[in-house]
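Peer 1: mind looking at a prediction? Sequence and model below.
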Protein chains: 2
Amino acid sequence: MTASVPFSKEYARVATEEAFAIPEMLRLYKELLASGTHDDPGFQSLWGFYGGSPSARATAIYERLQDLDARRIGDMDATGIDVAILALTAPGVQVFDAATARTVSVQANDILAEAIRRHPTRYVGLAACAPQDPAHAAREIERGVTKLGLRGVIINSHTRHEYLNDRKFWAIFEAAEALGVPVYLHPTTPSKNMVQPFIERGLDGAIYGFGVETGMHALTIITSGVFDRFPRLKLVLGHLGEALPFWMYRLDYMHLAGVRAGRYACMQPLQLKVSEYLRRNVWVTTSGMPAAPAIRYCQEVLGEDRVLYAMDYPYQYEADEVRLSDAAPMSAATRRKFFQTNAEELFGFRVQPRA
Amino acid sequence: MTASVPFSKEYARVATEEAFAIPEMLRLYKELLASGTHDDPGFQSLWGFYGGSPSARATAIYERLQDLDARRIGDMDATGIDVAILALTAPGVQVFDAATARTVSVQANDILAEAIRRHPTRYVGLAACAPQDPAHAAREIERGVTKLGLRGVIINSHTRHEYLNDRKFWAIFEAAEALGVPVYLHPTTPSKNMVQPFIERGLDGAIYGFGVETGMHALTIITSGVFDRFPRLKLVLGHLGEALPFWMYRLDYMHLAGVRAGRYACMQPLQLKVSEYLRRNVWVTTSGMPAAPAIRYCQEVLGEDRVLYAMDYPYQYEADEVRLSDAAPMSAATRRKFFQTNAEELFGFRVQPRA
C-alpha cells in the first residue's frame, strides 16, 4: 500500500461496489467445494483460489471480506473513502440449494444491517436474496429495504446457470421497481455451458470472464423486454458497464437487424433501442476501471449522471487508484456527481458527517 | 440505401474488413449443415441463417458476398469506397476437415488474386489458410504474399474449437512475421464449449458473441506469450478491437495480479503489460462501429496510427455509416491516417488513382 489518501474537502467519496462475506457463507463454500457435488467449474476456480490459495492476494482478500469493523473502516480512512456501499460478495448465495440460499441471504442481510447500525455514517447496504426462490427473494428484498434500511439488491449474475431473462425471476424486478431501489448486477464466473474455454486459458475471472458473463446477462435482461415491463427499474453495472457502453452502436444495429430478419424467436421487437435502455435504466460504476479515458467515454455516451465511483474493495484495494480517479479530468461539478451525489440519488441516502 | 456518398477529395477511403465468399465454399457449408456431422452449434446458427433465411438481410448478403465484380464495385462507388481490403468471410475454411480446408483455401486465394488482377486499383487481398494443417497454412500464406500479391492473412477466430494460443499453430505467426504482413483476427461464433448460453438468447452472432469470442481469442494470443516470441508480429482486430481497448486497465491489473498469485499454470509472466502489446502489436478497425466517441476513445488509448476505417461489407453496407465515419471529429491529418495512410502502412500498398 502506498501512502494514504486524505479525505476530500470538495466531495465525499462514496465507493459503490464494495464486497463483504459472512463466515457462515465461506464455510458453506468450502463444504460445497469439498463435497464435489456442485456442477459449477467457474465457482470451483474462483473460490478454489480465494478460499484455498496461500498467495498474498487470496489470503488478504479472504480476511478483509469478513471484517465489517475496525479493519475495514481503517482501510476506508487510509484511502479517503467516506461511505462504502456494501454487498455480499460473488457468487453470494446463488450457488446453494434453495433452502440454504434462503437461510444465508436472511442471515447476511441481518449481519449487514447490524454493521450499518454500528457505523451508520460509513456504510450503506444492498440486500442479498435467493433467486432460487423468486417469491422469497422478493419478500426478502422488501424486508431488507423496509425493515433493515438497505438501499438496493445485489445479484451476482447467474443463479446455478440460470439468468434473469427467465420470467420466473421477474418477481425480483417487480419488487425492486416497486420499492424504488436499484438492482446491482455484479459479476461472477461464466456459467457452466460457457466457462470451459475461459478456464483453460486463465481468463474466467476478473480479467475477462466476469465482464463477458455480466455483459451477456445485462444484455439479455434488456433484449428479453424486462425494461418494457418494468420501465422504472434501475440496473447498476460495475466495471464501467461491463463494456456494453463501448458496444452501444453495434448492439443497436445488430439487435434491429436480427429482429427485422426474424432470426431468433426469443428476440422480439422492443419499445426502445438497446442504447436507450442503457441511458434510461442503467447506471455504471468504475470498479476495477479507474482509467480516465474510459470514465470520460462513459460519461459522454451515457451522461454524467450515470457514472459513479467504486473501488471494488477488497479485490482492488489500491490508494493509487483513488488518486487516478481523483485526477480523471472533469469539472468540479461533475466530479461531485461522480464521487457523491449520483450515488446519493441512485441509492437514496445522504452522506452524513463522519462520526 | 440512402443517397450515395461521393468519393472524398481529401483522402482515399480504404475499407479494411470487407468480406467475400466463393461459391464452392458456400456449397460445402450447405453440405456440412445438411450432413449433421459437424459439431459446431455456432456455425449452424450463423450459416443456417445466412445460407437459409428468406429474410432480405440474409439473401442480400448471401448474393453480395459472392460478387467480386460489377455489383461490388458499384456498391463501393455508391458509398465512396476507393479500396476494399478483401478477406474470405467467416468461418472461412476453418470448419472443414484438413484436406477440404487446404483445397478451399488455395482455391479462394487464387480466385481472390484473379479478382485483384481485374480490379487492381480497387482491391487489396488477405490470404486464407487452413490452420488445421499449420505447415500447409504457413506455406499458403507465403504463396499468397510472394506469388499472388496478397497483403496479410485472415483468421476467422477458432479452428474447430481450437485457438491460436496453442503452439502447434505458431507456424502461422512465424510466416506472417517473416513476411512482414499482418494477421487479421476476424470474428466467428463462439466455440462449442461456450456458445450455448449465447444461442439460447439470440446473442451468438455479431450483436455480442462475435466480440466475446474474438476478444477472448486475441487476449489469449497475448497472454500465451505470442508477442514475446514474435515481437514484430502485427495483429489486426475489427470492431474497434473487440472491446479490449475498453478493458485495457483491468486487463493489466488482473493479469499482473493473477501472475503474481500463481493462480494459473498457463498464465506466466510476460515481457510487457497487456496494454503495451495492444499498443505495439495490435491495430484496430471500425467495422460495425462507426461511432465517433468509440473511435476517439481508441485513438486516445492506442494512438491515432492504430485505428483504421472499415465498413464490414456486405454485412453492414450503409451509406449513412460512411457519413458517420466522415463526421467523426478529428483533424484533417488524423482523418487521412484513419481512412487511408494507416491502411497503406499496415498492409503495405499504395492507393492508386481509380481506373
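Peer 2: Sure, I can see it.
Peer 1: how about the strands in the stretch 251-355 of chain A?
Peer 2: In the stretch 251-355 of chain A, the strands defined using DSSP state E, counting those that start in this stretch lie at A:282-285, A:307-308.
Peer 1: show me what counts as buried in the lowest-mean-pLDDT helix or strand in chain A.
Peer 2: Of all the helices and strands that make up chain A, the one with the lowest confidence by mean pLDDT, DSSP states H and E is helix A:319-327; it has a mean of 95. Along helix A:319-327, these residues count as buried under the neighbour rule (16 or more other Cβ atoms under 10 Å in any protein chain shown): A:319, A:321-322, A:324-326. (Glycine included, C-beta is placed from N, CA and C.)
Peer 1: would a markdown table of the residues you listed with distance to chain B be doable?
Peer 2: Written out in a markdown table, the entries for the buried residues of helix A:319-327 read as follows (distance: Cβ to the nearest Cβ, whole Å):
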| residue | distance to chain B |
| --- | --- |
| A:A319 | 14 |
| A:E321 | 9 |
| A:V322 | 14 |
| A:L324 | 9 |
| A:S325 | 11 |
| A:D326 | 15 |
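Peer 1: dump these into TSV; add distance to B:K30 as well.
Peer 2: Written out in TSV, the entries for the buried residues of helix A:319-327 read as follows (distance: Cβ to Cβ, whole Å):
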residue	distance to B:K30
A:A319	60
A:E321	53
A:V322	58
A:L324	53
A:S325	54
A:D326	59
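Peer 1: which parts of the stretch 101-250 of chain A sit against chain B?
Peer 2: Those residues of the stretch 101-250 of chain A that sit near chain B, judged by Cβ under 8 Å from any Cβ of the partner chain, are A:163, A:165, A:190-191, A:193-198, A:200-203, A:205-208, A:211-212, A:215-216, A:219-220, A:223-224, A:239-240, A:243, A:246-250.
Peer 1: and these, which are buried?
Peer 2: Buried positions within these, assessed by neighbour count (16+ other Cβ under 10 Å), are A:163, A:165, A:190-191, A:193-198, A:201-203, A:205-208, A:211-212, A:215-216, A:219-220, A:223-224, A:239-240, A:243, A:246-250.
Peer 1: so which of those are in helices?
Peer 2: By the criterion of DSSP state H, membership of those in helices covers A:196-198, A:211-212, A:215-216, A:219-220, A:223, A:239-240, A:248-250.
Peer 1: which pair in these spans the largest distance?
Peer 2: A:Q196 and A:Y249 (30.7 Å; Cβ to Cβ).
Peer 1: check which helices and strands the longest helix along chain A sits against.
Peer 2: Taking DSSP H as the assignment, the helix of chain A that covers the most residues is helix A:98-118. Counting contacts by 3 or more Cβ pairs under 8 Å, 6 or more residues apart in numbering or on different chains; DSSP states H and E, helix A:98-118 is packed against helix A:23-35, strand A:83-88, strand A:123-125, helix A:134-146.
Peer 1: could you give the mean pLDDT of the third one?
Peer 2: Yep, that's strand A:123-125 we're talking about. Across strand A:123-125, the average pLDDT comes to 98.
Peer 1: quick one: contacts for the most centrally placed residue in chain A?
Peer 2: For chain A, the residue whose C-alpha lies nearest the mean C-alpha position (Cα atoms, centre = their mean) is A:H186; its distance is 3.1 Å. Taking Cβ atoms under 8 Å, 6 or more residues apart in numbering or on different chains as the criterion, A:H186 is in contact with A:17, A:87, A:90, A:154-157, A:214, A:238.
Peer 1: one more time with 10 Å, if that's ok
Peer 2: By Cβ atoms under 10 Å, 6 or more residues apart in numbering or on different chains, the contact list for A:H186 reads A:17, A:19, A:87-92, A:126, A:154-157, A:210, A:214, A:217, A:236-239, A:287, A:312.
Peer 1: out of the buried residues of helix A:319-327, which is nearest to B:N281?
Peer 2: Checking the buried residues of helix A:319-327 against B:N281 with Cβ to Cβ, the nearest one is A:L324 at 25.3 Å.
Peer 1: what is the neighbour count of the closest residue to the closest one other than its chain neighbours?
Peer 2: Closest residue to A:L324 apart from its sequence neighbours, by Cβ to Cβ, 6 or more residues apart in numbering or on different chains: A:P290 at 4.3 Å. For A:P290, the tally of surrounding residues (other Cβ atoms under 10 Å in any protein chain shown) stands at 27.
Peer 1: about what we covered before: state the distance from the nearest residue to the residue nearest to the centre of chain A once chain neighbours are set aside to A:R263.
Peer 2: Across the structure, with Cβ to Cβ, 6+ apart as the measure, the residue nearest A:H186 apart from its sequence neighbours is A:N156 (4.9 Å). Separation of A:N156 from A:R263 (Cβ to Cβ, to the nearest Å): 31 Å.
Peer 1: please apply the same query to A:F49.
Peer 2: Computed as Cβ to Cβ, the A:F49 to A:R263 distance reads 39 Å.
Peer 1: got it, and A:Q316?
Peer 2: 39 Å.
Peer 1: sorry, back to before: most packed of the helices and strands packed on helix A:98-118?
Peer 2: For these, average neighbour numbers computed from mean count of other Cβ atoms under 10 Å in any protein chain shown are highest in strand A:83-88, which has a mean of 27.
Peer 1: paired strands for that one, with orientation please.
Peer 2: Here strand A:83-88 is paired, per DSSP bridges, with strand A:14-20 (parallel), strand A:123-125 (parallel).
Peer 1: chain center to stretch A:110-122: distance?
Peer 2: Centroid separation for stretch A:110-122 versus its chain: 19 Å, with Cα atoms, centre = their mean, to the nearest Å.
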